[in-house]
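Trainee: my questions are about this predicted structure, shown below with the sequence.
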Amino acid sequence: MVRTSIVRLLSLASIGLACGTTDPGATATEGGTELTSPTSDPTGGETTTDSASGGEPTTSDGTGSASMTDGGTETGEPTTAGTTTTGPMETTTTGPMETTTTGETTDPGTTDTTGPVDTTGPVDTTSGGDEDCQAPAMQPPCDADTNDAFKAIGLNCSEDKSMAIPITNPVIMSNDASAWRVATHYGTAMDPMNAGDFMWGPKEGERMLVIGTGTFPALQADGGLVEPDSFAGENVSTPNGNPDNQTDLPGVMTYEKGSNNGNGGTPGMNCDGTQDCSDTLDDQWNIANNNTANDVFYMSFDLEVPLGTHGYLFDFAYFSQEWPNWVGDQYNDMFVVWSTSETFTGNVTFINEQPLTVTALDPYMMIQPGDPLLAGTGFPDSFFDTEGAGTGWFTAKGSAAPGENFTVAIAIFDMGDDVLDTIGLIDKFRWDCEGCIPSEVESCGVEPQPQ
């Protein structure tokens, strides 16, 4: 069921501000008040605050995804080498947007906000764990002046495993090149804790990946993504050209419970290897009868885990125009990062055990209308426009087995309609020597953190 712009505009009269927590160490403000708190990911990943930055695309593997290539354009228009894909979402593309096929993670943590953060130098990937960990001790970024989505998040900088994270089977499945951007910053707000840094800027290197369920404008001259207020009449509805009416999550993902050998009930334990071992997506997908995904963006890549390495981390943030008027409703937009590791298969992105949906994150949408941190994001900049809010930055932590090959997939989509938009930021993918154990409390964030 698609809502009309008139219905959504009428909903603006309803003002509801939720309060909760943001990323541990990430900084958010509401009404001029600084808000920080520890967070955690429930079953396959843990959530904290920190961040990362992409690779060469390949051709379709027959699952219905698409491929892209590094374009390096200042306009932000993604470029691709022509690729043909087959499957439920078959597309053939040549020219500025390219598609490929292939298939994600999370972690709770904290961010040091005591001084300026250097986002231009190499990422330190060592965090304890196995003494024989062969993950790169330092990971120099390679995202300057690139439009490569994989390099933007810290992947595929080279084949040298001592200094980079090579990937195989990179896939971007998007029929609409305006549904994602590799940007130097999102919005115009500055970080109140780090002078001179954008609040929504890269956590490493010079660029990060921004994905959404609507359409993005061309980048600014400095590579930034800046949007006018999304609630200015004609801008209320911004569907993109990506697939609609999907009856399950895209690619390697599914909403069905995967713990306890597919029966559910024991999150993080006895994964069936196919379905969601976190058991977090099923209830959110089935919150209403009209459970279809629209404006679906999907990307994936395959990784080989270094010896002695037991996990990975990446940084993310979530924004949605569906909040708060559609909390608990069928318009429950989702942002999912998925892992197919033999140690854990399923969703790995959480905030205090809650998956990244409008309804589940209701208490954690801390950056609300009127907050200066929304400046230039396209979200409302006054309390008179009540729809739309965001979380702070979080770090996701996922588990993996040393030496294995597995797939990480990332998706964002509208639920039940294609009207109001949801946006995800991703950066700073890196290995984690220590990793986590999904079924253990205080490991992958199973234990809730204080709100």
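Mentor: Happy to help now that I have it.
Trainee: what's across from the closest residue to Ile367 other than its chain neighbours in the sheet?
Mentor: Nearest-residue entry for Ile367: Gly390, 4.4 Å, with adjacent residues in sequence omitted and distances by CB to CB, 6 or more residues apart in numbering. Yep, even glycine has a C-beta here, placed from its N, CA and C like the rest. Beta-bridge partners of Gly390, counted by DSSP bridges, are Phe319, Ile367.
Trainee: mind listing the helices for this protein?
Mentor: If DSSP state H is used as the criterion, the helices of the chain fall at 5-10, 149-152, 259-262, 281-285.
Trainee: other SSEs contacting the second one?
Mentor: The reference is to helix 149-152. strand 180-183, strand 208-212 (3 or more CB pairs under 8 Å, 6 or more residues apart in numbering; DSSP states H and E).
Trainee: residue contacts, the residue nearest to Ile367?
Mentor: 317-320, 365-367, 373-374, 377, 379 (CB atoms under 8 Å, 6 or more residues apart in numbering).
Trainee: mind redoing it with 10 Å?
Mentor: The neighbourhood of Gly390, defined by CB atoms under 10 Å, 6 or more residues apart in numbering, consists of 22, 28, 187, 200, 317-320, 323, 361, 364-368, 371, 373-374, 377, 379, 422-423, 425.
Trainee: now intersect those with the strands, please.
Mentor: Residues of those located in strands (DSSP state E): 28, 317-320, 422-423, 425.
Trainee: for the stretch 101-250 of the chain, which spans come out with low pLDDT?
Mentor: For the stretch 101-250 of the chain, the stretches flagged by pLDDT under 70 are 101-130, 229-237.
Trainee: mind doing that once more with 90?
Mentor: Per-residue confidence for the stretch 101-250 of the chain (pLDDT under 90) gives these ranges: 101-131, 228-239.
Trainee: just the strands in it please.
Mentor: Secondary structure of the stretch 101-250 of the chain (DSSP state E, counting those that start in this stretch): strands located at 123-124, 138-139, 168-173, 180-183, 208-212.
Trainee: helices or strands next to the longest one in the packing?
Mentor: Secondary-structure packing of strand 168-173 (3 or more CB pairs under 10 Å, 6 or more residues apart in numbering; DSSP states H and E): helix 149-152, strand 293-304, strand 405-415.
Trainee: if you set the cut-off to 6 Å instead, what comes out?
Mentor: Helices and strands touching strand 168-173, as assessed by 3 or more CB pairs under 6 Å, 6 or more residues apart in numbering; DSSP states H and E, comprise strand 293-304.
Trainee: now the strand it packs on: average pLDDT?
Mentor: Over the span of strand 293-304, the pLDDT mean works out to 97.
Trainee: between it and strand 168-173, how many degrees?
Mentor: Angle of strand 293-304 versus strand 168-173, following axes from the mean of the first three to the mean of the last three CA atoms, to 10 degrees, is 170 degrees.
Trainee: could I get the buried residue list for strand 293-304?
Mentor: 293-303 (16 or more other CB atoms under 10 Å).
Trainee: now it and strand 208-212, what's the angle there?
Mentor: With the same axes, to 10 degrees as the criterion, the two stretches strand 293-304 and strand 208-212 enclose an angle of 150 degrees.
Trainee: for the closest residue to Trp180 other than its chain neighbours, which residues are in contact?
Mentor: Of all residues not flanking Trp180 in the chain, Ile211 sits nearest, at 4.7 Å (CB to CB, 6+ apart). With contact set as CB atoms under 6 Å, 6 or more residues apart in numbering, Ile211 has these partners: 180, 297, 412, 424.
Trainee: 7 Å instead, please
Mentor: For Ile211, the contacting residues are 179-180, 297, 412, 424, taking CB atoms under 7 Å, 6 or more residues apart in numbering as the criterion.
Trainee: and the gap between Asp432 and Pro140?
Mentor: From Asp432 across to Pro140, the span is 18 Å (CB to CB, to the nearest Å).
Trainee: actually Asn347, sorry about that
Mentor: Counting by CB to CB, the gap between Asn347 and Pro140 amounts to 30 Å.
Trainee: of these two, who's got more company?
Mentor: Each of Asn347 and Pro140 has its neighbours counted (other CB atoms under 10 Å); Asn347 has more, 34 against 16.
Trainee: okay but that one is in contact with Ser278, surely?
Mentor: Yes. Here Asn347 reaches Ser278: they are 4.8 Å apart, a contact under CB atoms under 7 Å.
Trainee: what's the burial count for Asn289?
Mentor: Close neighbours of Asn289, defined as other CB under 10 Å, add up to 9.
Trainee: how near is the closest residue to it other than its chain neighbours to Asn245?
Mentor: Excluding its sequence neighbours, the residue lying closest to Asn289 (CB to CB, 6+ apart) is Gln330, at 7.3 Å. Gln330 sits 14 Å away from Asn245 when distances are taken as CB to CB.
Trainee: who has more neighbours, the two?
Mentor: Between Gln330 and Asn245, counted using other CB under 10 Å, Gln330 has the larger neighbour count: 17 against 9.
Trainee: give the contact list for the more buried one.
Mentor: In this structure, Gln330 makes contact with 287-288, 290, 415-416, judged by CB under 7 Å, 6+ apart.
Trainee: beta partners for Thr357?
Mentor: Applying DSSP bridges to Thr357, the residues it is bridged with are Met334.
Trainee: pretty sure it is touching Asp329, no?
Mentor: No. Distance between Thr357 and Asp329: 11.1 Å, which falls outside the contact criterion (CB under 7 Å).
Trainee: the more surrounded of these two?
Mentor: Legend: neighbour count by other CB under 10 Å for Thr357 and Asp329, higher for Thr357 (25 against 16).
Trainee: show the pLDDT at the more buried one.
Mentor: What the model reports as pLDDT for Thr357 is 97.
Trainee: what residues are up against it?
Mentor: 284, 332-334.
Trainee: got it, and Val296?
Mentor: By CB under 7 Å, 6+ apart, Val296 lies in contact with 242-243, 246, 250, 411, 413.
Trainee: with adjacent residues omitted, what lies nearest to Glu206?
Mentor: What sits nearest to Glu206 in space, not counting adjacent residues and going by CB to CB, 6+ apart, is Ala144, at 4.8 Å.
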